[in-house]
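Enquirer: structural data only, the sequence is not supplied:
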């Protein structure tokens, strides 16, 4: 068996980087949404693996023919669906370095630099966003942050910590028990909240869907207070409340301060899901709106991999008291015991989430923070907001269209005044054209299109091109 020599690796590495650069160069000309039929990619591949080794350049040669046609291009400048999954040259190079190092950062001893760079980077990000100091690990205070894969895992992790705290530690030993635990989120909360309850053994029925204001789509706190009181009267124990700062559907922002006040004295854990919108707090002008009441939360999550130029996956969870999280998840088999961990002087991040193994994710976030600087990151966020404001103006000037909710940062939600059929038909025609890709939602029973700006390659010309195609589709 022959491994790549350093010289061959260098050659093929250059070729791979060249391919990526060429891909970016030609990306504007590709259809955003993949045009292949179901099963087409699978049928194009051999039914069995090769018996003999193939050169790496054979794989590179297949990318354009076999892979690219089957891609929906998330890095395309006219990808406006869902939320962006930003990448950037700096993040890719950071991820490449991480892969090259190939370290396993499950505990401090397995690679001290992996842990300590992550400690610094998540504190840097907390500082950049203006998060309260209680969430920082600086000087080994009570709080701290950890890089997870996605916000779904972060929500599940926070729920496990909440269950540990509320059960006085008995849940980790004997399960959830007979007590009726209740979990709360608005009707617009991310579906990962229900999945977290399912995985924690609480069941989907433990999750309460709170009504939202029909105009803002934010949680109706009065309805929440009423539901909370009814549950307590019926013998339920409020366990976990998720406040959304930027919902997936419309970008709605819940009143975290009011929600925190509603559960004062109840004992429930308050988690803030700011997966998409949270990174916009890097711009001081957005902080009052995004961070109001966050100082009262027990945990908060945001995703640099959505709108902060960091290659997927990179989701940062901060907790106000890391001891609760660590106590909920710590298990130490003999093969992980080591003097550094037992000294109490280090952080072992394997105790901060369900997984034992963990990648050096901090490397790509470190690369982004250093090569863009806060000025560059602010400029990127502001560009997205400005372009979305331009879309908002275009919608307002077209008598066939109407805004469904007020623009939320870089997200515009709008529809055809004629109803669901013309709204969805226009969107599907636009997507099928390959010029751009939008996704949809349903707000108060009516379909709407969502246009979320976020790519580092999107320009005003891309908005104009998309809008011209939408005009033909209407």
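Expert: Received it, and whenever you're ready, just let me know what you need. Computed from a prediction, not measured in an experiment: that's the story for all the values here.
Enquirer: and stretch 38-46, end to end?
Expert: Start-to-end span of stretch 38-46 (Cα to Cα, to the nearest Å) is 17 Å.
Enquirer: let me see the mean pLDDT of stretch 64-82.
Expert: Averaged over stretch 64-82, pLDDT sits at 94.
Enquirer: can you list contacts of it?
Expert: Stretch 64-82 is contacted from outside by 23-24, 27-28, 30, 32-36, 40-41, 44-45, 84-85, 87, 248, 435-439, 450-453, 455, 457-459, 462, 465-466, using Cβ atoms under 8 Å, 6 or more residues apart in numbering. No exception for glycine: its C-beta is placed from N, CA and C like everyone else's.
Enquirer: what's the answer for stretch 330-343, then?
Expert: Contacts with stretch 330-343, where a contact means Cβ under 8 Å, 6+ apart, come from 106-109, 346, 348, 350-351.
Enquirer: dump those to JSON lines, plus secondary structure and distance to residue 399.
Expert: Rendered in JSON lines, the data for the contacts of stretch 330-343 read as follows (DSSP: H, G, I helix; E, B strand; the rest coil; distance: Cβ to Cβ, whole Å):
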{"residue": "106", "secondary structure": "coil", "distance to residue 399": "59"}
{"residue": "107", "secondary structure": "coil", "distance to residue 399": "62"}
{"residue": "108", "secondary structure": "helix", "distance to residue 399": "62"}
{"residue": "109", "secondary structure": "helix", "distance to residue 399": "66"}
{"residue": "346", "secondary structure": "coil", "distance to residue 399": "63"}
{"residue": "348", "secondary structure": "coil", "distance to residue 399": "60"}
{"residue": "350", "secondary structure": "helix", "distance to residue 399": "58"}
{"residue": "351", "secondary structure": "helix", "distance to residue 399": "58"}
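Enquirer: just the buried residues of the residues you listed.
Expert: 106-108, 346, 348, 350-351 (16 or more other Cβ atoms under 10 Å).
Enquirer: from the contacts of stretch 330-343, pick the one nearest residue 271.
Expert: Residue 271 has its nearest neighbour among those in residue 351, at 18.7 Å by Cβ to Cβ.
Enquirer: what's the end-to-end length of stretch 192-211?
Expert: 18 Å.
Enquirer: how far is it from where the chain is centred?
Expert: In terms of Cα atoms, centre = their mean, to the nearest Å, the centre of stretch 192-211 is set 19 Å apart from its chain centre.
Enquirer: before we move on, what about stretch 44-61?
Expert: With Cα atoms, centre = their mean, you get 34 Å for stretch 44-61.
Enquirer: start to end distance for that stretch?
Expert: From its first residue to its last, stretch 44-61 covers 14 Å (Cα to Cα).
Enquirer: which of the residues in it are buried?
Expert: Buried residues in stretch 44-61, counted by 16+ other Cβ under 10 Å: residue 56.
Enquirer: run through who's touching that stretch.
Expert: 2, 4, 8, 12, 15-16, 19, 66.
Enquirer: filter the contacts of stretch 64-82 to the buried ones?
Expert: Neighbour-count burial (16+ other Cβ under 10 Å) applied to these gives 23, 27-28, 30, 32-34, 84-85, 87, 248, 435-438, 450-453, 455, 458, 462, 465-466.
Enquirer: what residues of stretch 286-296 count as buried?
Expert: By neighbour count on 16+ other Cβ under 10 Å, the buried set for stretch 286-296 is 286-287, 290-291, 293-294, 296.
Enquirer: any chance of the residues you listed in TSV, plus secondary structure and pLDDT?
Expert: Listed next are the buried residues of stretch 286-296 as TSV, based on DSSP: H, G, I helix; E, B strand; the rest coil; pLDDT from 0 to 100:
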residue	secondary structure	pLDDT
286	helix	97
287	helix	96
290	helix	96
291	helix	96
293	coil	96
294	helix	96
296	helix	96
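Enquirer: need those residues in TSV (columns: distance to residue 261).
Expert: As requested, the buried residues of stretch 286-296 are exported to TSV (distance: Cβ to Cβ, whole Å):
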residue	distance to residue 261
286	23
287	20
290	18
291	16
293	8
294	13
296	8
